[in-house]
Structure formats: C-alpha cells, structure tokens
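[1] Only the shape, not the letters, is given here:
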C-alpha cells in the first residue's frame, strides 16, 4: 500500500537538513517521491510499504545523518509546497 509520511528532525537544525534527507530517502527501493518543506523543516515521503517500511526509512536517515528523524504525520497526499528553495 502506498503511504505518505511527514518526517521532522528530533532537534531543529539548519533548514537545509530536509534537502539532505530527501537525497537519502529518494534512493531507497520503494520510495516513490520525497517533497521538502524548508520553512517547516520537514520532508514528506511517499512510499510503498510492501517494499520499504517506516522503520527502514527512519533507520536509514539516522544512519546517514546521525540525527533522529521521526515520522510525525501519516496522510493521504502531499501537502502543498511552502517553499521551493532554501530561505537562507
């Protein structure tokens, strides 16, 4: 089943962090799309849970970033973009 989760870091850091996370999760099998929300410092990830689990995604982000990213919302579609580029 296709799911969409919103991930946010456990601590607020640089607004570029979601862009890095997008690169990490986009290469995972089963991840169909990742959408960045810089102002919210979050990433929406749409994935096929038959190919990759929420736990797999969270673990991969933690291994690559050394930063805990936890899913904060499960929803049916992507939120509308707040920003297309880093506001820095």
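    Arrived safely, thanks for sending. Here the structure is a predicted model, which is why all the values come from computation and not from measurement. Numbering: from 1, shown residues only.
[2] contacts, neighbours, all on C-alpha from now
    Noted.
[3] How many residues are close by residue 64?
    A count of neighbours around residue 64, defined by other Cα atoms under 10 Å, yields 11.
[4] in the protein, which spans are strands?
    2-9, 31-37, 42-48, 69-75 (DSSP state E).
[5] would a markdown table of those strands with distance to residue 16, mean pLDDT and mean neighbour count be doable?
    Formatted as a markdown table, these follow (distance: least, Cα to Cα, whole Å; pLDDT from 0 to 100; neighbours: other Cα atoms under 10 Å):
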| stretch | distance to residue 16 | mean pLDDT | mean neighbour count |
| --- | --- | --- | --- |
| strand 2-9 | 12 | 86 | 20 |
| strand 31-37 | 10 | 90 | 21 |
| strand 42-48 | 10 | 90 | 24 |
| strand 69-75 | 14 | 65 | 16 |
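[6] Please render those strands as JSON lines that adds distance to residue 25 to the earlier fields.
    Shown next, in JSON lines, are the strands of the chain (distance: least, Cα to Cα, whole Å):
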{"stretch": "strand 2-9", "distance to residue 25": "11"}
{"stretch": "strand 31-37", "distance to residue 25": "7"}
{"stretch": "strand 42-48", "distance to residue 25": "8"}
{"stretch": "strand 69-75", "distance to residue 25": "12"}
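[7] Looks like residue 72 contacts residue 7 (just checking).
    Yes. Using Cα atoms under 8 Å, residue 72 is in contact with residue 7, at 5.8 Å.
[8] So for residue 21, which of the strands of the chain sits nearest?
    strand 42-48 (7.5 Å; Cα to Cα).
[9] who does that closest one touch, helix- and strand-wise?
    strand 2-9, helix 17-26, strand 31-37 (3 or more Cα pairs under 8 Å, 6 or more residues apart in numbering; DSSP states H and E).
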